[in-house]
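S.K.: Next input, structure requested:
(one chain, ligands or ions: 1)
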Amino acid sequence: METYDTLLSSITSAEGPTRTILNPATGEPVGEAPVHTVEHLNQAIEGAAATQPAWAALGHKGRSEALLKAADAIERSAEELAQLLSREQGKPLNGPNARFEVGACATWLRVAATTVLEPETVVDDGQTRAELHYKPIGLVGAIGPWNWPMLITVWQIGPALRMGNAVVVKPSEYTPLSVLALISVINQELPDGLLTVISGGREVGARLSEHPAISKIMFTGSTATGKAIIKSSAGTVKRLTLELGGNDAGIILPDADPKAIAQDLFWGAFINTGQTCAALKRLYVHDDIYDAVCEELTAVAAAMPMGNGLDENNVLGPLQNKAQFDIVDRLVTSAKESGARVLLGGNPDYDQPGNFYPTTLVADIDNDNPLVAEEQFGPALPIIRYSSLDEAVEKANGLDVGLGASVWSPNLDAAREVAARIDAGTVWINSHGMVNPLIPFGGSKQSGYGLEFGVEGLKALGLPQVING
Ligand code: NAD
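M.R.: Just a heads-up that it's a prediction; the model follows:
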C-alpha cells in the first residue's frame, strides 16, 4: 500500500513541462500534471506495439489473472486514489462519489477479467460449419472525460486488455492526475508498455484518433468531439465506440407515490452533482401529482449537504471546472428570465473560491427552454408538467440525443409499455442511471453507438473472424 504522497510523486514527472492542477472546491494546487506531446504519444504507441503480441499470446486465462491482480492493487490503494480523485475532480469522498468510484473500478475490472466470451458455432448442419471467433484488435486508444475519470477509464481499458489489446489512454486535461494514478497502480501488475497514459491536450487526442497504428478508439465525451473523432478516424477506418452526450428524460406516471420515489429521483438526477452522462436531466410529471413531486423532491434536495469533498459530511461537490459552472449558470438564468419558478437554489455565490453551484430545482418551465433542451451537466433539474402520456413521450423523444431515460410507476407492466416507446439506449424503471458491469450500456441517436459492459462489451474490443469450413 502506498501513502497519498508516494502515489502523487509516482505520477509527477521529474522532466519536461508540467501544468498545475487546482482543486475545484478551493482553488488550491493538487499536483503537477506532465504535459505530454504528440512525440510522447508516438513513443507510447511504439511501446504498445512491441508489447501487445506477447500479451495477446498469454490467452484469456493469463490475461484474466493479471487483470484480477490489478483489481486487487486498486483495492490496496483505494483510499489514496479516492483522496486524489476528490481533490482533483471535486467529488466528495463520501456518498456515491470518490470512494464509490474507486470501488467500482475494481468491480468493473474483475467483471471484464472473468466474463466468458466463447467462440460461437453459427452453422453446423453436416455440410457447412462456421464459427465466429473474437481476436485481439491490436492497439486501442482510450479518450475520456472529466466527470468519472477513473471509472470511465476502466470501462474502456478493462475489456480492451482482456481481449488481448494494448491501450494508450488520453485522459481529459481537467483530470489527468486521477487517471495517471489509477494506471500507475494497475501497471504494478501489467507488462511495461502495454498500458500508457499520455497526459496531453486535444491535439494529442486528435492525433491518437487518426494514427495509423491505432485500430480502435474508445471515446467518452461530448457529441461535438465524437463527431470530430469520426472524421479524424475515417482515413484509417478505425473501429469506434462512442459514448457521447445525453439529456435524459424521466416520466412519472400519475399512480407513482411522490414520497416513496423522491430519494431515488434525487440521486438519479444529482449523482456526482449532476455531472453524469446518464443522469436524469428533464423530469416530466403528471398534473395529478406535480405539486406533490415538487414538494417531496425539494425536501430531499434541500437536506443534501454540498461542500469540500474532503469533508465527510458532504455528498455533493463543486462543478469540476469554471466552464461547466458557466454553462449551468447561463441555463438557469435563462429559465429564471422566462418566468419559470425556482423551487430551490439558482442563486450561486459568485465570490466564493470554489465552483459551487447550489442544488437547483426549477418548476413550471416550458419544454423548449434551454435548461430543458440543452445538456446542463450540473446540479439543476427542470420539472415539466404534462397531462397526457402521449405528450410526455413525444417531449421525451423530442431531442437528437438518447442515452438513458426512466419511467416511474408501481405498475411495472404499464411502465414497461411506456419504456418501449422511448428512444434511448437504456430505459430504467423506478430508478435512473444504475449501470451494472454485466448489463450492456450505450446510446441511441447522437448519444453515440457501440455497447460497453458484459459480453457485448468484450465483443466490441475483439476483431470478429469467421472460420468457415
Ligand atoms: P469533451 O468532448 O470536451 O472531451 C473529452 C475528451 O476528448 C478529452 O480527453 C479531450 O481532450 C478529448 N478531445 C477533445 N477534442 C478532441 C479531438 N478533436 N479529438 C480527440 N480527442 C479530443 O468532453 P468532456 O467535457 O470532457 O465530457 C463531458 C461530456 O461527456 C458530456 O457531454 C457528457 O454527456 C459526456 N459523457 C458521456 C458519457 C457516456 O457514457 N455516454 C459518459 C460521461 C460523459
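S.K.: and residue 69, what does it touch?
M.R.: By Cβ atoms under 8 Å, 6 or more residues apart in numbering, the contact set of residue 69 is residue 189. Yep, even glycine has a C-beta here, placed from its N, CA and C like the rest.
S.K.: In what element of secondary structure is it found?
M.R.: Assessed by DSSP states H and E, residue 69 sits inside helix 59-76.
S.K.: May I have that helix as PDB, with CA atoms only?
M.R.: Taking C-alpha atoms only, helix 59-76 is exported to PDB below (Å, rounded to 0.1, in the frame of the first residue of the first chain):
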ATOM      1  CA  GLY A  59      -4.500 -16.100 -23.800                       C
ATOM      2  CA  HIS A  60      -7.700 -15.400 -21.800                       C
ATOM      3  CA  LYS A  61      -6.500 -17.200 -18.700                       C
ATOM      4  CA  GLY A  62      -3.200 -15.400 -18.300                       C
ATOM      5  CA  ARG A  63      -4.700 -12.000 -19.100                       C
ATOM      6  CA  SER A  64      -7.600 -12.600 -16.600                       C
ATOM      7  CA  GLU A  65      -5.100 -13.500 -13.900                       C
ATOM      8  CA  ALA A  66      -3.100 -10.300 -14.400                       C
ATOM      9  CA  LEU A  67      -6.300  -8.100 -14.500                       C
ATOM     10  CA  LEU A  68      -7.600  -9.700 -11.300                       C
ATOM     11  CA  LYS A  69      -4.300  -8.800  -9.600                       C
ATOM     12  CA  ALA A  70      -4.600  -5.300 -10.900                       C
ATOM     13  CA  ALA A  71      -8.100  -5.100  -9.400                       C
ATOM     14  CA  ASP A  72      -6.600  -6.200  -6.000                       C
ATOM     15  CA  ALA A  73      -3.900  -3.500  -6.400                       C
ATOM     16  CA  ILE A  74      -6.700  -0.800  -6.900                       C
ATOM     17  CA  GLU A  75      -8.200  -2.000  -3.700                       C
ATOM     18  CA  ARG A  76      -4.900  -1.900  -1.800                       C
END
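S.K.: For that helix, buried residues please.
M.R.: 60, 63-64, 66-68, 70-71, 73-75 (16 or more other Cβ atoms under 10 Å).
S.K.: to the chain's geometric centre, what's the distance from it?
M.R.: Relative to its parent chain, helix 59-76 has a centroid offset of 22 Å by Cα atoms, centre = their mean, to the nearest Å.
S.K.: likewise stretch 243-253?
M.R.: For stretch 243-253, the distance to the chain centre is 14 Å (Cα atoms, centre = their mean).
S.K.: can you tell if it touches the ligand?
M.R.: Yes. Using Cβ under 6 Å from any ligand atom, stretch 243-253 reaches the ligand at 243-246.
S.K.: could I have that stretch exported to CSV, CA atoms only?
M.R.: Backbone C-alpha positions of stretch 243-253 (Å, rounded to 0.1, in the frame of the first residue of the first chain) are rendered in CSV as follows:
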residue,chain,number,x,y,z
GLU,A,243,-20.4,7.2,-25.6
LEU,A,244,-21.5,10.8,-26.1
GLY,A,245,-23.6,13.5,-24.5
GLY,A,246,-27.2,12.9,-23.3
ASN,A,247,-30.1,14.8,-21.9
ASP,A,248,-32.1,12.1,-20.2
ALA,A,249,-35.8,12.3,-19.6
GLY,A,250,-37.8,10.8,-16.8
ILE,A,251,-41.5,10.3,-16.9
ILE,A,252,-43.5,10.0,-13.7
LEU,A,253,-46.8,8.3,-14.3
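S.K.: still on that earlier bit, I'd like the residues of stretch 243-253 next to the ligand as JSON lines, with pLDDT appended.
M.R.: Compiled in JSON lines, these are given as follows (pLDDT from 0 to 100):
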{"residue": "243", "pLDDT": "98"}
{"residue": "244", "pLDDT": "98"}
{"residue": "245", "pLDDT": "96"}
{"residue": "246", "pLDDT": "97"}
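S.K.: Pick the one among those closest to residue 448.
M.R.: Taking Cβ to Cβ as the measure, residue 448 sits nearest to residue 244 out of the residues of stretch 243-253 next to the ligand, at 4.0 Å.
S.K.: what's the closest non-adjacent residue to the residue in the stretch 1-150 of the chain that the ligand sits nearest to?
M.R.: Nearest residue of the stretch 1-150 of the chain to the ligand (Cβ to the nearest ligand atom) works out as residue 145 at 3.1 Å. Leaving aside its sequence neighbours, residue 145 sits nearest to residue 221 (Cβ to Cβ, 6 or more residues apart in numbering; 4.6 Å).
S.K.: Could you do residue 104 as well?
M.R.: residue 151 is the one closest to residue 104 (Cβ to Cβ, 6+ apart), at 5.3 Å.
S.K.: for the helix or strand bottoming out on mean pLDDT in the chain, which positions count as buried?
M.R.: Ranked by mean pLDDT, DSSP states H and E, the weakest helix or strand in the chain is helix 4-11, scoring a mean of 90. Within helix 4-11, the residues scored as buried using 16+ other Cβ under 10 Å are 4, 7-8, 11.
S.K.: What strand or helix carries residue 346?
M.R.: Going by DSSP H and E, residue 346 is not in any helix or strand.
S.K.: Same check on residue 464?
M.R.: Secondary structure from DSSP H and E places residue 464 in strand 462-468.
S.K.: Quick check: which ranges of this structure have low pLDDT?
M.R.: Low-confidence segments of the chain, defined by pLDDT under 70, span residues 1, 13-14.
S.K.: Tell me which residue of it lies closest to the ligand.
M.R.: For the chain, Cβ to the nearest ligand atom, closest residue to the ligand: residue 205, 2.4 Å.
S.K.: For that residue, grab the count of nearby residues.
M.R.: A count of neighbours around residue 205, defined by other Cβ atoms under 10 Å, yields 26.
S.K.: is it true that it touches residue 143?
M.R.: Yes. With contact defined as Cβ atoms under 8 Å, residue 205 counts as touching residue 143 (5.0 Å).
S.K.: Need the overlap of contacts for these two.
M.R.: 170, 229.
S.K.: is the ligand contacted by the helix ranked longest in the chain?
M.R.: Using DSSP state H to define each element, the chain has its longest helix at helix 38-57. No. Using Cβ under 6 Å from any ligand atom, helix 38-57 stays clear of the ligand, coming no nearer than 11.5 Å.
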